[in-house]
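1. based on what follows, work out the 3D shape:
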Amino acid sequence: MTLDFAQQGRTAFDLSGKVVVVIGGGQMPGEKTGNGRATAILAARHGAEVVAVDLNLAAAQETVDLITAEGGKAYAVQADVAEKEDCQRIFDTVMQRSGRVDGMVYSVATNPPFDREDNSMTVEAFNYGVNVNMLGCYHCNLFAAQCMEKNAGTSTGSIVNFSSIASVKNEIGLNMGIMPYALGKCGLNYITELTAVQYAEAGIRANTLMLGPIDSTLGNHDSQELFGLDPDEVDAAYRDVVKLKMGRASTWETAYAALYLLADESRFMTGQQIRLDGGATLVR
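-> The predicted structure is shown next:
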């Protein structure tokens with residue numbers, strides 16, 4: 001009797017020998033682990049060589065230090081994904097140092113500063129927000145897929161783009177503070193589908209993780225800035241959004257979902273939007 005794929009005694013979600021690039025692999029200062037950092041650490045724990053990319057090199061290096069302290073393999077790259085040249089440089093660097101790209105996670109998001117009283121934002125801030133949330137995703141998907149094509153059949157490639165239920169559900173009206181984020185994530189959803197179709201024949205997959213309320217330092221900070229909340233008001237505000245009263249997900253839940261999409265266990269899944277939102281999008 002020949003055992004099938006799931007029965008062969010292999011370690012689940014094994015990423016050994018794979019190189020995974022995590023865009024947004026650092027995080028802002030705070031006690032709570034961010035989505036990108038959690039994903040980078042988990043990928044390394046499952047055998048991947050991790051490239052932590054962040055606008056803040058020191059933050060990316062902190063992630064690398066956490067990984068190497070556990071015996072993992074990782075290095076940091078500084079980049080501003082709003083700039084096409086920086087996106088290209090990320091993958092040029094990875095190919096020079098590691099020789100391949102097997103996985104890419106786009107875990108970057110920004111809510112640019114805005115005037116809450118006037119509900120206004122400068123054109124420069126708006127454009128930067130869209131460039132980070134959407135255009136950077138396009139460039140990183142493109143350059144990552146081009147690198148994955150060079151694997152020559154030795155590995156399937158997997159791209160995981162982090163989106164948000166803000167791209168499909170509006171609970172706050174025309175709040176300019178969230179507009180570049182929500183619009184950018186709408187575009188990211190479409191970019192993921194285009195990438196999946198374009199590169200399916202090459203064995204490269206692309207999927208979206210559509211996140212709801214996440215308990216992270218960045219999430220808390222942005223919620224306070226957008227809505228003028230005190231720190232102890234954030235949880236209550238999210239309970240009003242997620243009508244099923246499931247609270248907020250931890251970033252490690254996000255990381256485990258990303259791990260599944262990076263691993264060969266999801267090799268027949270592509271072009272999908274997977275909602276990790278506590279049922280928020282079920283209730284209108």
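
2. report pLDDT for Ala166.
-> Note on Ala166: pLDDT of 84.

3. so what's the residue count around Thr192?
-> Thr192 has 26 neighbours, counted by other C-beta atoms under 10 Å. The way it works is simple: take the backbone N, C-alpha and C, and place the C-beta from them, glycine included.

4. where does it land in three-state SS?
-> Using DSSP: H, G, I helix; E, B strand; the rest coil, the structure places Thr192 in helix.

5. doesn't Thr270 make contact with it?
-> No. At 9.2 Å, Thr192 does not count as touching Thr270 under the criterion of C-beta atoms under 8 Å.

6. quick check: neighbours shared by these two?
-> Residues touching both Thr192 and Thr270 by C-beta atoms under 8 Å, 6 or more residues apart in numbering: Ala206, Asn207.

7. strands of the stretch 1-150 of the chain, start to end?
-> In the stretch 1-150 of the chain, the strands defined using DSSP state E, counting those that start in this stretch lie at 19-23, 49-54, 73-78, 103-106.

8. got a markdown table for those strands, with mean neighbour count too?
-> Below are those laid out as a markdown table (neighbours: other C-beta atoms under 10 Å):
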| stretch | mean neighbour count |
| --- | --- |
| strand 19-23 | 29 |
| strand 49-54 | 29 |
| strand 73-78 | 20 |
| strand 103-106 | 30 |
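
9. could these go into TSV alongside distance to Ala125 and mean pLDDT?
-> Formatted as TSV, the strands of the stretch 1-150 of the chain follow (distance: least, C-beta to C-beta, whole Å; pLDDT from 0 to 100):
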stretch	distance to Ala125	mean pLDDT
strand 19-23	21	99
strand 49-54	20	98
strand 73-78	22	98
strand 103-106	21	98
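
10. in a markdown table, list those along with distance to Pro113.
-> Formatted as a markdown table, those follow (distance: least, C-beta to C-beta, whole Å):
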| stretch | distance to Pro113 |
| --- | --- |
| strand 19-23 | 22 |
| strand 49-54 | 19 |
| strand 73-78 | 22 |
| strand 103-106 | 22 |
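
11. out of these, nearest to Gly30?
-> strand 49-54 (14.4 Å; C-beta to C-beta).

12. and the closest one with strand 19-23, angle?
-> Using axes from the mean of the first three to the mean of the last three C-alpha atoms, to 10 degrees, the inter-axis angle of strand 49-54 relative to strand 19-23 is 10 degrees.

13. strand 49-54 pairs with which strands?
-> strand 19-23 (parallel), strand 73-78 (parallel) (DSSP bridges).

14. the helices in this structure, which residues?
-> Assigned by DSSP state H, the chain shows helices spanning 35-45, 57-69, 84-98, 123-130, 136-149, 179-199, 217-227, 234-241, 251-262.

15. adding mean pLDDT and distance to Ala109, write these out as JSON lines.
-> Converted to JSON lines, the helices of the chain look like this (pLDDT from 0 to 100; distance: least, C-beta to C-beta, whole Å):
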{"stretch": "helix 35-45", "mean pLDDT": "96", "distance to Ala109": "9"}
{"stretch": "helix 57-69", "mean pLDDT": "97", "distance to Ala109": "15"}
{"stretch": "helix 84-98", "mean pLDDT": "98", "distance to Ala109": "16"}
{"stretch": "helix 123-130", "mean pLDDT": "91", "distance to Ala109": "9"}
{"stretch": "helix 136-149", "mean pLDDT": "97", "distance to Ala109": "10"}
{"stretch": "helix 179-199", "mean pLDDT": "94", "distance to Ala109": "6"}
{"stretch": "helix 217-227", "mean pLDDT": "59", "distance to Ala109": "8"}
{"stretch": "helix 234-241", "mean pLDDT": "64", "distance to Ala109": "17"}
{"stretch": "helix 251-262", "mean pLDDT": "95", "distance to Ala109": "12"}
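
16. pLDDT score for Met121?
-> 85.

17. my read is that it contacts Pro112, right?
-> Yes. Applying C-beta under 8 Å, one finds Met121 in contact with Pro112, separated by 6.3 Å.

18. just to revisit the earlier point, and of the helices of the chain, who's closest to Ser163?
-> Here helix 179-199 is closest among the helices of the chain (C-beta to C-beta), at 4.7 Å.
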